[in-house]
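[1] okay, predicted coordinates and the sequence, questions at the end:
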Amino acid sequence: SHWFDEVPGAIDMLAKAVVDPHPRVRLEAVNALREVGTLEAFIVAMRAVDHPSDTYLAYALRLTARELQDLWLPALQAGQDVFEDQAPRMTLAFSIATDRRALAPLMALIREGKVDDRANACRIVASLGGEDEMTMVFALAAKDSDLELLQVLADVSRSNKAVPTDTAALAKLLQHGDEKVRVLAAELAGRWKSTAHRQVLVERAASAKTSATERLVAGRALLGMGQLEALQEIAESGSEAAVRVTATAAWAEVHPAAAAKTAVSLLSKLTKGSDAEAIFNSYFSRKDGPAALTKALSDAKLEADIAAAGIRIAQATGLDLTATITALTRAGSLQAVSTDLSKKERTALLSDAEKLGDFKRGAALYNSPALACVSCHAIDGKGGQLGPKLGGLATHMVPEGILESLLKPSRQIKQGYESVVVTLKNKEVRVGTLHRKTPSEVLLRDASGKITSIPGDQIATIDSSGVSIMPPGLTNSLRRDELLDLLHYLMNLK
């Protein structure tokens, strides 16, 4: 690019290189064209989109579109065919647009059906736009009860407070036969403070015939539109315990201290751990939630299964919730299992694991839903990505290290797998491993392996956790012979 003006036919040379069969040649051509920095160079560079790409080439193309948008956006507005009528090129360029000038031409392309990824195009329009743009996207979503577009609106409405001029179509969506459509419609009703749909949401939140997910979202929507008293009434006087649990969970997500007395009273009446999970999840999702719950538990008595469920969820957050775990242990009269084995006890355990443990039984334990190891760790390409790969573990980790990682996973966390705590401005807390951070967003991988985008303008703080995403005490439920089998399996992964 530095000799561009000195070489006759340089643009033609780069035009050939940008469609070369080798991706490295195409990459260098795109980078050179970006440095040339003319509209013609941009048009030529975008031709690389028509050919197979890799991570580096895709990044170079996005960077080119972003850095040269002050050239191609005005040209597009003036009617020039800067994408040579190729939809994939348009999709890529618009995916990085940060200028409202992109809205009018992109909206026109959406209306004319000339975008190859309508959902992504609508996401850009809704993110950059205001009332008119949200109205257009909502009209498209409501027309065919489009789940993908409704999800786009639900995602965007977390940061874009613009509301469509007409939300009447929510009434039909809230009565849709597909629960997924109804849930997204309820979420939007709350975000857009559409009080015209209050009664439907009250009925959903209070009905035992409605799924727990739909009740919880309906409760959140009521809070979103300022109907706290209606939700409190359901939480305290609902027809069934399951109804009161989801209403209380929704209440606790926003007002954990105010909901704490009701929450603990309800927990004390439950007997099955899985029935209490929604309440614990709500309290542990807020920065101020654990302290409020701990205080309310001071004189409470819980069934052992309820307390154990709360402890499992607390341990899985990646946060230091020692005080809450202690309160739950006391409330459930649980016997805490020590992980502080002496050197002699550890040596005996490892010796027995090698001699008495069974590889096949250990593999079955590793893959069991109760331990859920496979949800975070991969072996031979099968498993989650949240934790380190365990294939060939025995070739680079001594048995003592394997045992330590099971008993005290936070003692030594492998580099690259440290958990971070993202606190939002509304005091919500998100915990996971950092997938990527950009000036506009943070991408966080949670305990299920799902990658979530958090807009930068919603973030208050980002802190290192110091606590492993792998919960301590995972092996506490195992008999000694089962622990020997699991250790034997891990010690022989070669």
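    Arrived safely, thanks for sending.

[2] pLDDT weak spots in the stretch 201-350 of the chain?
    335-339 (pLDDT under 70).

[3] hey, where'd the strands end up in it?
    Per DSSP state E, counting those that start in this stretch, the stretch 201-350 of the chain carries no strands over any range.

[4] which residues in it form helices?
    212-224, 228-237, 241-254, 256-267, 277-284, 289-296, 304-315, 322-331, 343-356 (DSSP state H, counting those that start in this stretch).

[5] which elements pack onto the first one?
    With contacts taken as 3 or more Cβ pairs under 8 Å, 6 or more residues apart in numbering; DSSP states H and E, helix 212-224 sits against helix 179-191, helix 198-205, helix 228-237, helix 241-254. Glycine gets a C-beta too; all of them are placed from N, C-alpha and C.

[6] other residues contacting it?
    Applying Cβ atoms under 8 Å, 6 or more residues apart in numbering, the contact partners of helix 212-224 are 179, 182-183, 186-187, 189-191, 193, 198, 201-202, 204-205, 207, 210, 228, 230-231, 234, 242-243, 245-247, 249-251, 253-254, 278.

[7] could you flag which of these are buried?
    182-183, 186-187, 189-191, 198, 201-202, 204-205, 207, 210, 230-231, 234, 242-243, 245-247, 249-251, 253-254, 278 (16 or more other Cβ atoms under 10 Å).

[8] longest strand in this structure, please.
    Secondary structure assigned by DSSP state E gives strand 429-437 as the longest strand of the chain.

[9] check which strands are paired with that one and give the direction for each one.
    Its sheet considered, strand 429-437 pairs with strand 419-424 (antiparallel), strand 441-445 (antiparallel) by DSSP bridges.

[10] ok, residues contacting it?
    Residues from elsewhere that reach strand 429-437 (Cβ under 8 Å, 6+ apart): 284-287, 289, 317-319, 386, 417-424, 442-447, 451-452, 454, 465, 469.

[11] so what's the closest residue to R118 other than its chain neighbours up against?
    Of all residues not flanking R118 in the chain, I110 sits nearest, at 6.4 Å (Cβ to Cβ, 6 or more residues apart in numbering). Neighbour list for I110: 118, 121-122, 125, 136, 140 [criterion: Cβ under 8 Å, 6+ apart].

[12] what's the helix or strand for D463?
    Using DSSP states H and E, the element containing D463 is strand 459-464.

[13] with D485 instead?
    helix 480-491.

[14] roughly how far apart are K295 and Y56?
    Distance, K295 to Y56, using Cβ to Cβ, to the nearest Å: 52 Å.

[15] and the helix holding D485, what's buried?
    Residues of helix 480-491 classed as buried under the neighbour-count rule (16+ other Cβ under 10 Å) are 482-491.

[16] mean confidence score for that helix?
    The average pLDDT within helix 480-491 is 88.

[17] ok and that helix relative to helix 343-356, angle-wise?
    80 degrees (axes from the mean of the first three to the mean of the last three Cα atoms, to 10 degrees).

[18] only alpha carbons, please: show helix 480-491 as PDB.
    Extracted in PDB, the C-alpha atoms of helix 480-491 (Å, rounded to 0.1, in the frame of the first residue of the first chain):
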ATOM      1  CA  ARG A 480     -14.900 -43.700  49.200                       C
ATOM      2  CA  ASP A 481     -14.900 -46.600  46.700                       C
ATOM      3  CA  GLU A 482     -16.500 -44.200  44.100                       C
ATOM      4  CA  LEU A 483     -13.800 -41.600  44.800                       C
ATOM      5  CA  LEU A 484     -11.200 -44.200  44.200                       C
ATOM      6  CA  ASP A 485     -12.700 -45.100  40.900                       C
ATOM      7  CA  LEU A 486     -12.900 -41.500  39.800                       C
ATOM      8  CA  LEU A 487      -9.300 -40.800  40.800                       C
ATOM      9  CA  HIS A 488      -8.100 -44.000  39.000                       C
ATOM     10  CA  TYR A 489      -9.900 -42.900  35.800                       C
ATOM     11  CA  LEU A 490      -8.300 -39.400  35.900                       C
ATOM     12  CA  MET A 491      -4.900 -40.700  36.900                       C
END
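
[19] how far does it sit from the chain's center?
    Put simply, helix 480-491 sits 33 Å off its chain's centre (Cα atoms, centre = their mean, to the nearest Å).

[20] ok, and what's touching it?
    Contacts of helix 480-491 (Cβ under 8 Å, 6+ apart): 349-350, 352-354, 356-359, 361-363, 365-366, 371, 390, 393-394, 399, 402-403, 406, 475, 478.

[21] give me the buried subset of those residues.
    Members of the contacts of helix 480-491 classed as buried by 16+ other Cβ under 10 Å are 349-350, 352-353, 357, 361-363, 365-366, 371, 390, 393, 399, 402-403, 406, 475, 478.

[22] which ones among those residues map onto strands?
    Members of the buried ones among the contacts of helix 480-491 lying in strands (criterion: DSSP E): none.

[23] if I look at E131, how far off is A45?
    Distance, E131 to A45, by Cβ to Cβ: 35 Å.

[24] cool, V200 as well?
    Distance, V200 to A45, using Cβ to Cβ: 51 Å.

[25] what's the answer for G79, then?
    Taken as Cβ to Cβ, the span from G79 to A45 is 21 Å.

[26] which residues touch the residue nearest to S237 when sequence neighbours are not counted?
    In space, and not counting its chain neighbours, S237 is closest to R244: 8.0 Å by Cβ to Cβ, 6+ apart. For R244, the contact set (Cβ under 8 Å, 6+ apart) comprises 234-238, 266.

[27] repeat for K261
    So K261 contacts A296 (Cβ under 8 Å, 6+ apart).

[28] okay, E131 and A45: which has more neighbours?
    Neighbour comparison, E131 and A45: the larger count goes to A45, with 26 against 11 (by other Cβ atoms under 10 Å).
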